[in-house]
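Colleague: Provided below for reference: sequence and predicted model.
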Amino acid sequence: MTSGHCAAWGTAMRGERPDLQPAYILHQRPYRNSSRLLEVFSRHHGRFGMVARGVTRRRSGLQGRLQPFRPLLISWQGRGDLATMRGVEPDGEPLSLSGAALMSGFYLNELLLRLTGRHVACPALFDSYCDTLNRLAAGGVNQEALRIFECRLLEELGYGMILDHDVQSGRPIQPHARYCYHIERGPVEVAAQQGPGPQVAGSTLLALAAGELRDGRSLKEARHLMRMVLNHYLGGRPLRSRELFRALKE
């Protein structure tokens, strides 16, 4: 995975003892008798694996904190590629996500798990993730927030989309023109060249660039465009969160 604004801080964490770092749990699974294997997304240390030992024991009291969408402050000690949690504290109130908003949250987590590299610090992406979760918690499914996060994710990974000019003519995007978006190149005005890929209004590209998708057409076109682009970088492998969301709607 190439990097954009993210910065690698090393694939091994031997000797590291970070204290009370802002982080979220993206995923967890049982490990041995009373422990959990966590996928952590930290503001200053990126995504990495961590073992939380003994957290499922009755006296631990920590298992309830280690849930997705809860802002945390985590301390750990590095040991090879798998850190060991030393402590965890709440970093604010847990976010209340339910229904479709909850599925949208799992969608964000799955994108991070599938597309980001380990041990690559992405503070701006972390902040965008926090903002998107808060917007989901405040108003249910927020299509504008999801599209903005997707754009920021691609940008931070070095796959930022060209949204301000026609890559063939060099002309600025015209709001009333129609464009075909080529993933490896960018937008080309339909009148100039027909080609594969969805056609999208110039106004939608400009709205996506500005992070202001206000009307229904822009939201719909941006959704189809971002799905095409993300599917390309996901290698065509479907996202489970999308399948679950589709099943809920049926």
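Modeller: Sure thing, it's come through. The structure displayed is predicted, hence computed values, not measured ones.
Colleague: all helices of the protein, in order?
Modeller: Assigned by DSSP state H, the helices in the chain fall at 99-115, 123-139, 143-156, 202-210, 216-233, 240-249.
Colleague: buried sites along the third one?
Modeller: Spelled out, it's helix 143-156. Neighbour-count burial for helix 143-156 flags 144-156 (criterion: 16 or more other C-beta atoms under 10 Å). Just so you know, the C-beta spots here come from the backbone N, C-alpha and C atoms, and that holds for glycine as well.
Colleague: Quick one: closest of the helices of the chain to Pro18.
Modeller: Proximity to Pro18, assessed across the helices of the chain by C-beta to C-beta, is greatest for helix 123-139 (14.2 Å).
Colleague: Report the buried residues of the closest one.
Modeller: 123, 125-126, 128-130, 132-137.
Colleague: And for the nearest residue to Gly46 once chain neighbours are set aside, the neighbour number?
Modeller: Nearest non-adjacent residue to Gly46, counting by C-beta to C-beta, 6 or more residues apart in numbering: Val120, 4.3 Å away. When neighbours are counted by other C-beta atoms under 10 Å, Val120 registers 21.
Colleague: Can you list the strands that the strand ranked longest in the chain pairs with?
Modeller: What stands out as the longest strand in the chain, according to DSSP state E, is strand 21-31. Within its sheet, strand 21-31 is paired with strand 35-42 (antiparallel), strand 72-77 (antiparallel), according to DSSP bridges.
Colleague: so Ala222 makes contact with Thr204?
Modeller: Yes - with contact defined as C-beta atoms under 8 Å, Ala222 reaches Thr204; the gap is 5.7 Å.
Colleague: nearest to Leu38, of the helices of the chain?
Modeller: With C-beta to C-beta, the closest approach to Leu38 among those belongs to helix 99-115: 11.8 Å.
Colleague: Which elements pack onto that closest one?
Modeller: The contact analysis (3 or more C-beta pairs under 8 Å, 6 or more residues apart in numbering; DSSP states H and E) places helix 99-115 against strand 21-31, helix 123-139, helix 143-156, helix 240-249.
Colleague: now the ones you listed as TSV including mean pLDDT and distance to Gln174?
Modeller: Output for the helices and strands packed on helix 99-115, formatted as TSV (pLDDT from 0 to 100; distance: least, C-beta to C-beta, whole Å):
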stretch	mean pLDDT	distance to Gln174
strand 21-31	94	40
helix 123-139	95	28
helix 143-156	95	20
helix 240-249	72	33
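Colleague: can you list these in CSV and add distance to Tyr179?
Modeller: Shown next, in CSV, are the helices and strands packed on helix 99-115 (distance: least, C-beta to C-beta, whole Å):
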stretch, distance to Tyr179
strand 21-31, 34
helix 123-139, 25
helix 143-156, 16
helix 240-249, 25
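Colleague: rewinding a little: any chance of JSON lines for the buried residues of helix 143-156, columns distance to Arg29?
Modeller: Below are the buried residues of helix 143-156 laid out as JSON lines (distance: C-beta to C-beta, whole Å):
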{"residue": "Glu144", "distance to Arg29": "33"}
{"residue": "Ala145", "distance to Arg29": "28"}
{"residue": "Leu146", "distance to Arg29": "26"}
{"residue": "Arg147", "distance to Arg29": "30"}
{"residue": "Ile148", "distance to Arg29": "30"}
{"residue": "Phe149", "distance to Arg29": "25"}
{"residue": "Glu150", "distance to Arg29": "26"}
{"residue": "Cys151", "distance to Arg29": "30"}
{"residue": "Arg152", "distance to Arg29": "28"}
{"residue": "Leu153", "distance to Arg29": "24"}
{"residue": "Leu154", "distance to Arg29": "28"}
{"residue": "Glu155", "distance to Arg29": "30"}
{"residue": "Glu156", "distance to Arg29": "26"}
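Colleague: All good on my end, thank you.
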